[in-house]
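Peer 1: Test case, fold it:
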Amino acid sequence: MRHWVLYVCRALLVLGIIPPPLLNAQEEGRSTVNRTVPFELLSNFLVVVRGQIGNLDGLKLILDTGTTNSVIDWKVAEKLRLQRHPGKVMNFVSHIPVEWADVPELGIGPIRAEAVRVMVVRLAEYSELAENADGIIGLDLLGRSDALTIDYEKRLISFRSAEHGIDHPDPPPCFKVPIVVQGLDLHLVVDTGFQGILLYRDRLRKRLPLLRTEGESTIVTMRRTQATRVKLPGVRIGGPEETITVVMMDGPDERTLPGVDGYLGPAALHAKRIEFDFAARVLRWE
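Peer 2: I've put the predicted structure just below:
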């Protein structure tokens, strides 16, 4: 199973799910500027753009709405001769060691930031898909736009911002949307760096002890952590009930991630386009 190990946002917000059509800036009555950049799509879900870290340009950067702080590969940190210090962050189920560093500049397309604190890791150890990547762009940079739209058909990202610009000193909350599993309301973080749907098994079974599955389950490994792939009937994501395949694993202590039942990749929405509206705190797709 191909996967990406994400770093959980420290702040979460439950968002309204608004199906198509997507709204445009003119209809909202605001004076805005839209700029687009092309991207490469890996394994039909992972968005990779070209960007800048320090004085290094044209780097391959993964766009990830499931992480608060951006990440750079250790090789980039070595080239920039960055001073680093140890720390730790939360992945799917536990804290993992990382290093922290400050980069003089970080940017993709029209979005730029100076003196950005980033995580430094060996990306190839986290996912085969990140083996050739130079970094991951998180909400600390993405949230500097009012909204961003990912067009999976045209392979374009559109950044929308106020005409005179707005300063966003803090990363915006993660996008957390509701789904229903066999009558139970759950809330999942929308993560462009994840391929399918991940549910925290212990939290789900605690609230739904008679959880029904179909067929045989399969054991998969996600960065040294075992998970189970199963088919769940009675799942509703902004539409009629259906049977879907999900990955399940026990989550961290609920005090660490309160109100989070798992993660959802945009592919699970069958979206041709998806808009993350940071200004309105709304997720839209078609």
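Peer 1: Okay, now the unreliable bits of this protein?
Peer 2: By pLDDT under 70, the weakly predicted segments of the chain are 1-32, 90-95, 162-173, 222-224.
Peer 1: Grab the longest strand from it for me.
Peer 2: In the chain, assigned by DSSP state E, the strand with the most residues is strand 95-108.
Peer 1: tell me, how many neighbours does R122 end up with?
Peer 2: 11 (other C-beta atoms under 10 Å). Heads up, the C-betas are built off the backbone N, CA and C, glycines and all.
Peer 1: So which residues of this protein form helices?
Peer 2: 74-80, 139-142, 201-207 (DSSP state H).
Peer 1: So which residues of the stretch 101-250 of the chain form strands?
Peer 2: 111-121, 135-137, 147-151, 156-162, 174-181, 184-190, 197-200, 214-222, 225-236, 242-249 (DSSP state E, counting those that start in this stretch).
Peer 1: quick one: the longest strand of the chain to strand 156-162, angle?
Peer 2: Per axes from the mean of the first three to the mean of the last three C-alpha atoms, to 10 degrees, the angle that strand 95-108 makes with strand 156-162 is 80 degrees.
Peer 1: Quick one: list the elements packing against strand 95-108.
Peer 2: strand 46-53, helix 74-80, strand 85-90, strand 111-121, helix 139-142 (3 or more C-beta pairs under 8 Å, 6 or more residues apart in numbering; DSSP states H and E).
Peer 1: Please repeat the previous calculation with a cut-off of 7 Å.
Peer 2: Strand 95-108 makes packing contacts with strand 46-53, strand 85-90, strand 111-121 when contacts are defined by 3 or more C-beta pairs under 7 Å, 6 or more residues apart in numbering; DSSP states H and E.
Peer 1: what's the shortest one packed up against?
Peer 2: Identification of packing neighbours for strand 85-90 by 3+ C-beta pairs under 7 Å, 6+ apart yields strand 95-108.
Peer 1: List the neighbouring strands of the strand it packs on plus their orientation.
Peer 2: Applying DSSP bridges to the sheet, strand 95-108 is found paired with strand 46-53 (antiparallel), strand 85-90 (antiparallel), strand 111-121 (antiparallel).
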